[in-house]
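**Student:** here you go, sequence then predicted model.
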Amino acid sequence: MIRITFLGTAASRPTVGRNVSAIHLNRQGEQMLFDCGEGTQRQMMRFQTGFAIRDIFFTHMHADHFLGVIGLLRTMGLQGREEPITLWAPEGSRAILDAAVNLGVERVPYEIGIQELSPGERVERDGYDILAFRTRHGGRSLGYAVAEHPRPGRFNPDRARELGVPAGPLFGKLHRGEPVEVEGRIVRPEEVVGPSRPGRRVVYTGDTRPCRTTVEVARGADVLIHDATFGEDEADRARATNHSTAREAATVAQRAGVGRLFLTHLSSRYAEDPRALEREARQVFPNTTVAYDGLEVEVPYRQED
């Protein structure tokens with residue numbers, strides 16, 4: 001199970017209906033945050049994501065993407081958290097995060113680690129990685145891809161029985177890629193297991209202009225979450241501020257061949273009625289949704305699997 005919960009979908013400042021940037025991702029019980037705008041801890045309570053997050057990944061150090069970490073860390077301390085947490089951010093961000101942590105959360109009963117990431121670096125986890133990639137928002141901004149490792153192919157129990165393998169532990173060994181011996185002959189995994197199947201991939205850009213790196217990293221992704229601060233009516237402003245329009249985000253999704261596109265980081269001028277942005281993007285990439293606070297998205301394995 002991968003579940004994405006949008007906690008904040010507004011650009012720069014909150015509106016009545018939208019908080020600033022934060023996305024919660026739960027992969028089979030492992031929880032992480034991407035960006036943490038002010039008020040994120042309240043959004044987590046409101047949308048019942050829980051606070052058992054292991055990592056927070058920051059795309060860049062603009063206030064609407066990281067100021068909420070102060071209150072969130074303090075809240076978790078008051079709840080008696082003991083497990084460590086790691087804050088991940090672009091190179092050059094340590095001083096800012098150090099200051100934020102020491103501002104109000106210097107006395108918490110758990111360890112807070114700070115790690116800087118360069119484009120191309122991976123944070124390795126059991127069964128998946130989080131890949132950092134360069135985006136175009138000035139300075140050292142990053143996007144992140146949550147990429148599962150390939151899964152074993154489908155096991156053919158009928159073929160295994162034909163080869164004399166009894167049902168039970170030997171089935172499991174073969175499916176894990178281990179050869180087994182049956183009545184003096186070796187049965188190899190490739191005889192009963194199909195080709196490996198791709199894992200799921202979720203890509204989040206943070207704030208960015210459209211860029212080739214996003215297309216490359218998001219190639220074939222199940223979900224792309226992309227900056228869509230403006231509509232085409234404000235294309236000049238999008239370029240001037242290193243943001244994207246809804247149409248530009250849709251063009252990235254089309255070129256990358258992703259499954260679904262979610263637009264976020266909406267300017268306040270569109271925040272309460274984003275239908276124009278959705279229409280604009282769907283002209284290029286029909287499977288587009290404008291995200292809203294509290295939207296939950298389940299990411300299933302691909303249909304052919």
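**Tutor:** Now that the structure is in, tell me what you want to look at.
**Student:** all helices for the stretch 51-200 of the chain, in order.
**Tutor:** Secondary structure of the stretch 51-200 of the chain (DSSP state H, counting those that start in this stretch): helices at 63-66, 68-78, 94-104, 157-162, 169-175.
**Student:** so what's the model's average confidence on the third one?
**Tutor:** Helix 94-104 carries an average pLDDT of 86.
**Student:** so for that helix, what gets flagged as buried?
**Tutor:** Neighbour counts over helix 94-104 (16 or more other Cβ atoms under 10 Å) mark 97, 100-101 as buried. C-beta: built from backbone N, CA, C; applies to glycine.
**Student:** including distance to residue 181, could the helices of the stretch 51-200 of the chain go into a markdown table?
**Tutor:** Formatted as a markdown table, these follow (distance: least, Cβ to Cβ, whole Å):
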| stretch | distance to residue 181 |
| --- | --- |
| helix 63-66 | 56 |
| helix 68-78 | 51 |
| helix 94-104 | 54 |
| helix 157-162 | 14 |
| helix 169-175 | 9 |
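**Student:** nearest to residue 135, of these?
**Tutor:** Nearest of those to residue 135, taken as Cβ to Cβ: helix 63-66 at 12.3 Å.
**Student:** which elements pack onto the closest one?
**Tutor:** On a contact count with 3 or more Cβ pairs under 8 Å, 6 or more residues apart in numbering; DSSP states H and E, helix 63-66 meets strand 30-36, helix 94-104.
**Student:** now tabulate these in a markdown table and tack on distance to residue 230.
**Tutor:** What follows is the helices and strands packed on helix 63-66, written out as a markdown table (distance: least, Cβ to Cβ, whole Å):
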| stretch | distance to residue 230 |
| --- | --- |
| strand 30-36 | 19 |
| helix 94-104 | 27 |
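**Student:** can you tell which of those is closest to residue 231?
**Tutor:** Per Cβ to Cβ, nearest to residue 231 of the helices and strands packed on helix 63-66: strand 30-36, 22.4 Å.
**Student:** neighbouring strands for that closest one, and are they parallel or not?
**Tutor:** Using DSSP bridges, the strands paired with strand 30-36 are strand 22-27 (antiparallel), strand 53-57 (parallel).
**Student:** how distant is the shortest one from the center of its chain?
**Tutor:** It refers to strand 53-57. Here strand 53-57 is found 11 Å from its chain centre; the criterion is Cα atoms, centre = their mean, to the nearest Å.
**Student:** hang on, the earlier thing: and which of the buried residues of helix 94-104 is nearest to residue 190?
**Tutor:** residue 97 (47.9 Å).
**Student:** give me the spatial nearest neighbour of that closest one, chain neighbours excluded.
**Tutor:** residue 114 (5.0 Å; Cβ to Cβ, 6 or more residues apart in numbering).
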